[in-house]
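Enquirer: Sequence and predicted structure below; questions after.
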Amino acid sequence: MRKELTKAVRTEFTAAMARRLPQFVPVTIKSRYAWPGSRIFRWVSDPSLHFFVELFFDPKGDDSFGVEVGWSRLGRYPEVPMRPGSREDVAKPEHWVRLSSLDSNVGGMWSLEEPEGAPGAFGHGSGRSPDLAAGLPQIPIEQALPRVDRRVADAVEKLVIDALPYFREVSRANPPSF
């Protein structure tokens with residue numbers, strides 16, 4: 001993702017998380033398991049259960065971002081080499097799942113290249129617009145920047161609607177061990 005767009009997405013995502021999901025606090029994590037350049041948020045639900053949201057940017061450099069949710073019963077950032085995993089793995093001690101897989105198994109990237117109404121615009125695409133795949137140039141920054149707020153708002157809304165109930169499911173499958 002281009003630098004200006006990365007900064008705009010990070011800023012808007014952090015603000016939207018503070019408004020909608022204030023229990024998730026931005027944290028700095030150094031881990032070989034984290035996406036390069038990602039923004040990580042953690043909620044310590046109880047001392048033995050930490051929930052995570054990770055905003056990451058398309059590793060191929062396209063103007064798109066994705067969101068993964070994870071948890072750890074080990075009091076750390078989930079060290080899971082195979083990401084993302086299956087939605088059904090709620091009993092594992094630590095795990096990651098792509099946000100989009102909580103409501104469908106399609107895509108998982110929000111593209112700033114895709115026009116409004118396209119599946120890739122709102123989390124159900126691969127992150128690669130058909131125009132880019134065809135070798136056409138990226139859209140101008142001035143055209144992509146106004147799309148940031150709506151794409152981020154959609155991703156955070158999906159966290160509220162899909163991830164919070166999923167985290168409750170994980171919590172029930174992994175009761176605290178005192």
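Expert: In hand now; what should we look at? All of these numbers come straight from a predicted model, not from anything done at the bench. Numbers count the residues shown, from 1 in each chain.
Enquirer: Let me know the next secondary structure element after the helix or strand of the chain with the lowest mean pLDDT.
Expert: Scoring the helices and strands of the chain by mean pLDDT, DSSP states H and E places helix 130-133 at the bottom, with a mean of 59. Counting by DSSP states H and E, the next helix or strand C-terminal to helix 130-133 is helix 141-144.
Enquirer: chain center to that following helix: distance?
Expert: 22 Å (CA atoms, centre = their mean, to the nearest Å).
Enquirer: list the buried ones in it?
Expert: With burial defined by 16 or more other CB atoms under 10 Å, the residues of helix 141-144 counted as buried are A144. The way it works is simple: take the backbone N, C-alpha and C, and place the C-beta from them, glycine included.
Enquirer: quick one: contacts of it?
Expert: R2, E4, L5, D63, L112, E113, Q138 (CB atoms under 8 Å, 6 or more residues apart in numbering).
Enquirer: Which parts of this protein are strands?
Expert: Assigned by DSSP state E, the strands in the chain fall at 25-27, 39-46, 49-57, 64-72, 94-98, 109-111.
Enquirer: Neighbour count, distance to V90 and pLDDT for the contacts of helix 141-144 - can I get that in CSV?
Expert: Shown next, in CSV, are the contacts of helix 141-144 (neighbours: other CB atoms under 10 Å; distance: CB to CB, whole Å; pLDDT from 0 to 100):
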residue, neighbour count, distance to V90, pLDDT
R2, 15, 37, 91
E4, 13, 38, 95
L5, 21, 34, 95
D63, 26, 33, 90
L112, 29, 32, 88
E113, 25, 34, 84
Q138, 18, 39, 80
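Enquirer: Run through the residues that contact F52.
Expert: I40, F41, R42, W43, V69, G70, W71, S72, Y77, P78, W96.
Enquirer: Please name the bridge partners of it.
Expert: R42, G70 (DSSP bridges).
Enquirer: Tally up the residues packed near Q23, please.
Expert: 12 (other CB atoms under 10 Å).
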